[in-house]
Structures are given as structure tokens and as C-alpha cells.
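1. What follows is a predicted structure for the sequence shown.
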Amino acid sequence: MVEMLFACVATVLMLATFTGLVRARALGWAVPVWFVVSILGTELAPRLLLVQLVLAVCGVFFLDIDSAAFQWGLACLLLASLGTLELLRRHLEAGGEFERALNTGLGADFHEQIPADRRATLSHQIRAKEWLRPLKFARDGVKVDRDISYGPAGKRNLLDIYSPVTAGEKRPVLLQIHGGAWILGHKAEQALPLLHHMPLRGWVVVSINYRLSPRATFPDHIIDVKRAIAWIREHIVEWGGDPDFIAVTGGSAGGHLAALSALSANYAPWQPGFEHADTSLQAALPLYGAYDLCNRFAIRQNTGIDEPVMKRVMKATQDDDPDLYELASPLSWLKPEQPPFFVVQGRNDTLIWVEEARRFVAEFSEHSGSSLVYAELEGAQHSFDCFHSPRTSHYLNAAAAWLEWARANHELKR
């Protein structure tokens, strides 16, 4: 009986590793299942490898090694361990991927454009102790002020502010927008490594809730984002922030809203009651975002998730209201003058395919003279940055370096 349980657990671990190694497409109803198993197998690879090795050793010492169930289980664990080692290789090589992306987009000497005192806060190091505690986010030196109201929509118009415990002023500001297909999510659930990383480097980070579908209908979501930007510009001085420099980031639906808000600055129809507020942004860091809801390049085919999501978010089909889908697509807003962008995408993303990011980057390069960095990560799944991992550590270093560059570049142009 125990040997059968051992074999079942080992089989599950092998399958979880397999989902991390393979790029899956057009799975229909199985997309959410594959995504959940894959992100656990991929992004928790250091912890998973430890579990696999411990389980194998315990099996050898305490189980009947002659039983067919044990032998099957041990074979599965060995295969899973080999697969997890490959996943770890991809994690560790993310540092090189980010470095190449930054050097390509900004030039190999971009660090020299960052003031020396700010450059001293940056790091290329990653810490193994974080990988074995993937859900420990709190850091000494960071304080959090929670549930501050920025609008009239109750709990969905609350924000949290992460800031250094030491007093300061004119600190750059980063706005974080959570994902969740515009129907799920909370300000305290996503991008937590980044939310605690940047205040240690002297930034003020604001994480917001916004109205969710199906109760909310687009453009309610982007209106709330713009309302939050207006609030930040008016009030962030109280937390030592610089209202003249606000960068935006977010993943998935948050990546969509981050890109859209950066490209549609001061668009009055999305600022009801605060039409004259300045909602411009100075830098945008979208991760695995949706950039073309019109699907004009036929990239999203048979994903199995677009139709039910759009039914709840847009409340109309594209045939019924093509203008709404056009306005909702960041790709439609590209123009010569816009903030610098740093686009991050995983090559194994099951929910938003890598080709969508590639197309957005290609169109951005064609239509804009603004700075663009694009990092495409081998083996990375959707929402890869939600846990501490070697890949996330490399991402945090790259994000901090790019954000500091964006701030320095903004100062030079003032």
C-alpha cells in the first residue's frame, strides 16, 4: 500500500516536471489545469528538486525495493529529477537573457547613464536562500500602508503603499496592477517579490485594486487605473514619492492595463470627472500582457479561454462593437512619442502566447522612436514572477536596473 502511494506521488511529480518542460498550446478546457500544474513544476523547481531527492532516498531506505510499485516510482523520480535539473538550468540562464535584452535595447554602457549613488543599489547577485523560501516576501526596511482609498468603488478602489522605513523625498514611484483576466485578483497577491524589492532600493511602490468583471465592464478597469495615477500624482508626496516620475508595471491583465495606461495618457473619455488630471506615465514594464484584443494577426486561435473571458469583460463581441476592442488594444495606441517600455514574456506561456508579445514589440519598433527592451525567457510560464526563484531573482535585478535607467533618462530630459 505504501509503495503504491510512493509510486503515485512520484508519477505526479514526473508529470508536473513534464508540463514545465513542454510548451503547450490550444488545450481548450485543460488550459487552466495545465497552467497551474506547470507553474508549480516550473517556478518552484528548486524546492521540487529537493522534494524529489528526499522522497527517493526515503523510499530506498524504508520501502520494499523489490516491489514493482517502488521500482516504477523510483524511475519516475529519477526522470523527474533530470527534468527539474533542466528547468533549473533555464532559471539560472535567465540572467544572461536579461543582460542581452538590456544591452540590446539600451546599449552595453547603459549602466553608466545611471548616477553612481543609484547604481550602487543595483546587483547582479542572486541568493539561494530565497529559492527555498519561495513564499517569504516581507523584508526588513520596507513598511506597508494598506487599504488607502483612491476612488469611490469601495474595496475595489483601495491601494497599498510599499516604501522604505527611512524618511526621504522625491523618490521614484512604481505602480503595480494585478492580473487575473480582469475578473480575479487582489493588490496583495501578485508581484510580491517586486513590491518588496524596489523599496529597498529607495522606490515607493503602489499596488492597486480595480473594479472587476463581470460586475465591471470595460473601460471601467482602465478608468480605475487612471484614477489611481491621478491620486498618486496628487498625494504620493506624503509618502516621499516623486509625482513627476511614475512608472507602471503589471502582469497578464495587469500587463495589458499597464501598457494601455502608458500609451493612452490623458485620454479624457477614460477620465470621467477628472478629465484635466495628468495621467501620463514615465516608463512601462508590462509582463506577459494581452496587447491585441482584436486578434488582428490571428495569433490566438482555439485557446479555449478568450470567448468566455471577453463575454464577461467586454459584454459584447468584436463583431458587435469593433471600436471597443480597438480602443482596448494597446497595439492600437502605438505612436512616435511614448514612454520607454520593457516587455517581458515567457516562451512557455500557456495563457498568452509568446507570439503576441513578439508582434507588439515588432509593431512598437516600427511605429515608435521610444526606447524598447524585450526579454523573452526560455521555459518561463505565465505569472513566473509570483514566487521567489532563480529566474525571479534575475528578473528583479533586471527590472531594478531598467527602472533606474528610465529614471535617469527622464531626469536628463527635464
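-> Noted; the coordinates are in hand.

2. contacts and neighbour counts: CA atoms only from here.
-> OK.

3. outside of the longest strand anywhere in the chain, which residues touch it?
-> The longest strand of the chain (DSSP state E) is strand 241-251. The contact list for strand 241-251 (C-alpha atoms under 8 Å, 6 or more residues apart in numbering) reads 169-179, 191, 203-204, 232-234, 236-237, 255-258, 262, 281-289, 383, 403, 407, 410.

4. number of nearby residues for the residue lying closest to residue 381 once chain neighbours are set aside?
-> Using C-alpha to C-alpha, 6 or more residues apart in numbering and skipping residues adjacent in sequence, the residue nearest residue 381 is residue 349, 4.4 Å away. Around residue 349 there are 24 other residues, counting by other C-alpha atoms under 10 Å.

5. quick one: secondary structure of residue 349?
-> Three-state call for residue 349 (DSSP: H, G, I helix; E, B strand; the rest coil): coil.

6. spatially speaking, which residue is in the middle of this protein?
-> Centroid-nearest residue in the chain: residue 251, 3.5 Å away (criterion: C-alpha atoms, centre = their mean).

7. any idea how far residue 352 is from that residue?
-> From residue 251 across to residue 352, the span is 11 Å (C-alpha to C-alpha, to the nearest Å).

8. Quick check: neighbours shared by the two?
-> In contact with both residue 251 and residue 352: 288, 289, using C-alpha under 8 Å, 6+ apart.

9. Mind jotting down where the strands sit in the chain?
-> 142-149, 158-164, 171-177, 204-208, 241-251, 283-287, 341-346, 372-377.

10. Now render those strands as TSV, adding distance to residue 27.
-> Putting the strands of the chain into TSV (distance: least, C-alpha to C-alpha, whole Å) gives the following:
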stretch	distance to residue 27
strand 142-149	38
strand 158-164	36
strand 171-177	27
strand 204-208	32
strand 241-251	22
strand 283-287	22
strand 341-346	18
strand 372-377	22
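
11. Could you say which one of these comes nearest to residue 35?
-> strand 341-346 (12.6 Å; C-alpha to C-alpha).

12. outside of the closest one, which residues touch it?
-> Contacts of strand 341-346 (C-alpha under 8 Å, 6+ apart): 283-288, 354, 357, 361, 370-382, 384, 402.

13. right, and residue 214 touches residue 313 too?
-> Yes: under the criterion of C-alpha atoms under 8 Å, residue 214 makes contact with residue 313 at 6.0 Å.

14. Could you check which of these two is surrounded by more residues?
-> Taking neighbours as other C-alpha under 10 Å, residue 214 and residue 313 compare with residue 313 leading, 22 against 17.

15. about what we covered before: need the mean per-residue confidence for the longest strand of the chain.
-> The pLDDT scores in strand 241-251 average 98.

16. Given it, what are its sheet partners and their directions?
-> With DSSP bridges as the test, strand 241-251 is paired with strand 171-177 (parallel), strand 283-287 (parallel).

17. by how many degrees do the last one and strand 372-377 diverge?
-> So the one you mean is strand 283-287. 20 degrees (axes from the mean of the first three to the mean of the last three C-alpha atoms, to 10 degrees).

18. Let's see strand 283-287 as PDB, backbone CA atoms only.
-> Only the C-alpha atoms of strand 283-287 are listed here, as PDB (Å, rounded to 0.1, in the frame of the first residue of the first chain):
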ATOM      1  CA  ALA A 283       8.000  54.200 -18.000                       C
ATOM      2  CA  ALA A 284       6.200  50.900 -18.600                       C
ATOM      3  CA  LEU A 285       7.200  47.400 -17.600                       C
ATOM      4  CA  PRO A 286       4.400  45.000 -18.800                       C
ATOM      5  CA  LEU A 287       4.800  41.300 -18.200                       C
END
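
19. How is this protein partitioned into domains?
-> With domains defined by automatic domain parsing, the chain comprises 2-91, 94-413.

20. Need the pLDDT of the closest residue to residue 219 other than its chain neighbours.
-> Excluding its sequence neighbours, the residue lying closest to residue 219 (C-alpha to C-alpha, 6+ apart) is residue 270, at 7.2 Å. Predicted confidence (pLDDT) for residue 270: 98.

21. do the one 10 residues further on as well
-> You'll see residue 280 listed with a pLDDT of 97.

22. rewinding a little: generate a PyMOL selection restricted to the buried entries among the contacts of strand 241-251.
-> If you want just the buried ones from the contacts of strand 241-251 in PyMOL, going by 16 or more other C-alpha atoms under 10 Å, the selection is:
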select buried, resi 170+171+172+173+174+175+176+177+178+179+191+203+204+232+233+236+255+256+257+258+262+281+282+283+284+285+286+287+288+289+383+403+407+410
